[in-house]
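1. this is a predicted model, with the sequence first.
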Number of protein chains: 2
Amino acid sequence: MTAELSRLSLNQETVRQLSLPELVEGCAKAGIGSVGLWRAPVQEYGVERAGQLMEDAGLTVTSLCRGGFLTATEPGERARALDDNRAAVDEAAGVNTDTLVLVSGGLPAGEKDLHAARERIADALAELAPYAYERGVRLAIEPLHPMFASDRCVVSTLSQALDLAERFPAEQVGVVVDAYHVWWDDQVAAQIARAGAGGRIHSFQLADWITPLPAGVLVGRGQLGDGCVDFRGMRRQVEATGFDGPIEVEIFNEGLWARDGAEVIGEVAARYLEHAC
Amino acid sequence: MTAELSRLSLNQETVRQLSLPELVEGCAKAGIGSVGLWRAPVQEYGVERAGQLMEDAGLTVTSLCRGGFLTATEPGERARALDDNRAAVDEAAGVNTDTLVLVSGGLPAGEKDLHAARERIADALAELAPYAYERGVRLAIEPLHPMFASDRCVVSTLSQALDLAERFPAEQVGVVVDAYHVWWDDQVAAQIARAGAGGRIHSFQLADWITPLPAGVLVGRGQLGDGCVDFRGMRRQVEATGFDGPIEVEIFNEGLWARDGAEVIGEVAARYLEHAC
């Protein structure tokens, strides 16, 4: 691993066409020493077995995606969501990562009250944060781009994520700074400073913003350098707070998924060096 | 026209399948006394002729869409954009509306500096605002949803729009409060109060937020009541500032465009009464 790549973590969803062993192999070949994992492929492979695979390969697991979806109003649904999040915490601990990413959830059908939905997230965090802390896992609230506010995540800005996180100790609840979701916000520099000063940058992620967005908008992220996000500028802001943690590349893109995964990993490393270093 | 519909204005793009005379006829039938117009159909019909048509029908023109696209860096392109905006002002005056809506423009190809793009908008406003004022036209900066930040409008929040508008007199430059674009923002109530206190709510528009978004995301707006926007709540916030102007319904939706236009106008009126009154 070259020194320049030492901070890079590859989120596995970027190359979802690869199995976990193929991911390990591809990272070794590209000189990448860290990965972010997703629950479904980890569950499929076996949590303990996945953790062992990463450990044997010397790979650091920088995050597990994802818990969350904590906005339900119906009591049974809320209880199931909390159970599922406790399971996600256990899985995070099982693959030896200290960070569980939370996508908070959208508005339940028929609901229009964003404030109330955000308060239900806070209530859920109060139950989950101590549970996670006891298992060595920090919860990282990820603000998602406002285009996801109704159906995925009512937490749309870093400011909103911090308003929630700051109700809890920083060792328990922090935020994800994902360039794709927050690049457009003129408050982002100030909010990164706020997050960093509080020790709450629990994850820093990169994907580029490209248009036109595809139908459903979920898988429209761009390879680094293909869009308009100033990664170097945002990295400077994040590091000015003292952050020296992993920089995770997480791209959902049908074009990347259709290609040879090892080749995509090599391209991610090259683009990271070109655009984020 | 019933008293309940007296504030409703129908933006013609909601029923783009209709010619201007058909629009006039449909509004008369539905008891709607105000419309928002678009430049292309007005130009095609003839500006003076369109203004006369509206006057003869007793229709108030609450806005003309749209000027803007003021972020170019290349001098020739900037000059052409300013010329085009002066023409838009003239057309607004020609159809007897006092409000020209501005969609500010996205990032030019290869540019990543949002702040610089916003400053170029301010520079352009300094040239255009006095020109418009002399012709009885106010410029209304429309913040567009952040999903349009790169390709249509680097002004993504009401706060950013006001930061720009407040550099100029309120009689010259204000903002559009479009529920579709700002509903997700937890700062929106405070920014509506700020806009209203400054006399800068130059247009108030409604469309509902529905998902999944279509490819390109431009024409994914929902009929009032089909989505999650709390129109009544936002109207209360707007009117708490003393605003008593038109409430314009502007929906871009392939489904509505495929239907009988007069029927859509009737539905808009009914939905407006049901969800925004």
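-> On my side now, so go ahead. Numbering: from 1, shown residues only, chains lettered A, B, ... in the order given.

2. only C-alpha atoms from now on, for both contacts and neighbour counts.
-> Will do.

3. now do the contacts for the residue lying closest to residue A:177 once chain neighbours are set aside.
-> Once flanking residues are discounted, residue A:177 sits nearest to residue A:204: 4.8 Å by CA to CA, 6 or more residues apart in numbering or on different chains. By CA atoms under 8 Å, 6 or more residues apart in numbering or on different chains, residue A:204 lies in contact with A:176-179, A:245-248.

4. now the helix or strand harbouring residue A:204: mean pLDDT?
-> Residue A:204 belongs to strand A:201-206 when assigned by DSSP states H and E. Strand A:201-206 carries an average pLDDT of 98.

5. what's the answer for stretch A:13-28, then?
-> 98.

6. distance of whatever residue of the stretch 1-150 of chain A ends up closest to chain B relative to residue B:230?
-> Nearest residue of the stretch 1-150 of chain A to chain B, counting by CA to the nearest CA: residue A:112, 5.1 Å away. Per CA to CA, to the nearest Å, residue A:112 is found 6 Å from residue B:230.

7. out of the contacts of residue A:204, which is nearest to residue B:108?
-> Of all the contacts of residue A:204, residue B:108 sits closest to residue A:179, with 19.4 Å by CA to CA.

8. OK, contacts around that closest one?
-> So residue A:179 contacts A:204-208, A:229, A:231, A:234 (CA under 8 Å, 6+ apart).

9. ok, residues contacting the helix or strand where residue A:87 lies?
-> For residue A:87, the element it lies in under DSSP H and E is helix A:75-94. Helix A:75-94 is touched from outside by A:39, A:47-48, A:51, A:63-64, A:66-72, A:98-100, A:124, A:128, A:131-132, A:135-137, with contacts defined as CA under 8 Å, 6+ apart.

10. after it, next one along is what?
-> Later in the chain than helix A:75-94, the nearest helix or strand by DSSP H and E is strand A:99-103.

11. could you look up the SS state of the residue of the stretch 101-250 of chain A at minimum distance from chain B?
-> Closest approach between the stretch 101-250 of chain A and chain B, counting by CA to the nearest CA: residue A:215, at 3.7 Å. At residue A:215 the chain is in coil, as set by DSSP: H, G, I helix; E, B strand; the rest coil.

12. what do you get for residue A:155?
-> coil.

13. who in chain A is up against chain B?
-> Residues of chain A lying close to chain B (CA under 8 Å from any CA of the partner chain) are A:107, A:110-115, A:145-147, A:149-151, A:154, A:156, A:160, A:184-186, A:209, A:211-217, A:228-230.

14. tell me which stretches of the stretch 151-277 of chain A form helices.
-> In the stretch 151-277 of chain A, the helices defined using DSSP state H, counting those that start in this stretch lie at A:158-165, A:179-182, A:188-197, A:231-240, A:254-257, A:261-276.

15. before we move on, back to that, give the contact list for the residue of the stretch 1-150 of chain A closest to chain B.
-> B:228-230.

16. wait, is it part of a strand?
-> No: counting by three-state DSSP, residue A:112 is not found in a strand; it is coil.

17. what's the pLDDT at it?
-> 97.

18. now it: phi and psi?
-> Per-residue torsions, residue A:112: phi -130, psi 0 (degrees, to the nearest 10).

19. how much space between it and residue B:210?
-> 12 Å.

20. between these two, what contacts are shared?
-> Contacts common to residue A:112 and residue B:210, judged by CA under 8 Å, 6+ apart, are residue B:228.

21. what sits against the residue lying farthest from the centre of chain A?
-> The outermost residue of chain A relative to its centre, with distances by CA atoms, centre = their mean, is residue A:110 at 28.2 Å. If a contact means CA under 8 Å, 6+ apart, then residue A:110 has residue B:228 as its contacts.

22. change it to 10 Å
-> B:225-228 (CA atoms under 10 Å, 6 or more residues apart in numbering or on different chains).

23. could these go into TSV alongside distance to chain A, pLDDT and neighbour count?
-> Output for those, formatted as TSV (distance: CA to the nearest CA, whole Å; pLDDT from 0 to 100; neighbours: other CA atoms under 10 Å in any protein chain shown):
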residue	distance to chain A	pLDDT	neighbour count
B:225	10	98	20
B:226	10	98	16
B:227	8	98	20
B:228	5	98	24
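
24. got JSON lines for those, with distance to residue A:119 too?
-> Shown next, in JSON lines, are the contacts of residue A:110 (distance: CA to CA, whole Å):
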{"residue": "B:225", "distance to residue A:119": "24"}
{"residue": "B:226", "distance to residue A:119": "25"}
{"residue": "B:227", "distance to residue A:119": "21"}
{"residue": "B:228", "distance to residue A:119": "18"}
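
25. quick check: residue A:222 touching residue A:257?
-> No: counting by CA atoms under 10 Å, residue A:222 sits too far from residue A:257 to count as a contact (11.9 Å).

26. give the intersection of the neighbour lists for those two.
-> residue A:251.

27. give me the more crowded residue out of the two.
-> residue A:222 (24 against 17; other CA atoms under 10 Å in any protein chain shown).

28. count the neighbours of the residue lying closest to the more buried one once chain neighbours are set aside for me.
-> Distance criterion CA to CA, 6+ apart; nearest residue to residue A:222, sequence neighbours excluded, is residue A:208 at 4.5 Å. Neighbours of residue A:208 under the rule other CA under 10 Å: 23.

29. residue A:3 too?
-> Quick note: residue A:3 (other CA under 10 Å) scores 8 neighbours.

30. tell me how far it lies from residue A:273.
-> For residue A:3 relative to residue A:273 (CA to CA), the value is 11 Å.

31. about what we covered before: and the helices of the stretch 151-277 of chain A: which comes nearest residue A:20?
-> helix A:261-276 (11.6 Å).

32. give the buried residues for the closest one.
-> By neighbour count on 16 or more other CA atoms under 10 Å in any protein chain shown, the buried set for helix A:261-276 is A:261-262, A:264-266, A:268-269, A:271-272, A:276.

33. stretch A:180-200 too?
-> A:180-186, A:188-189, A:191-196, A:198-200.
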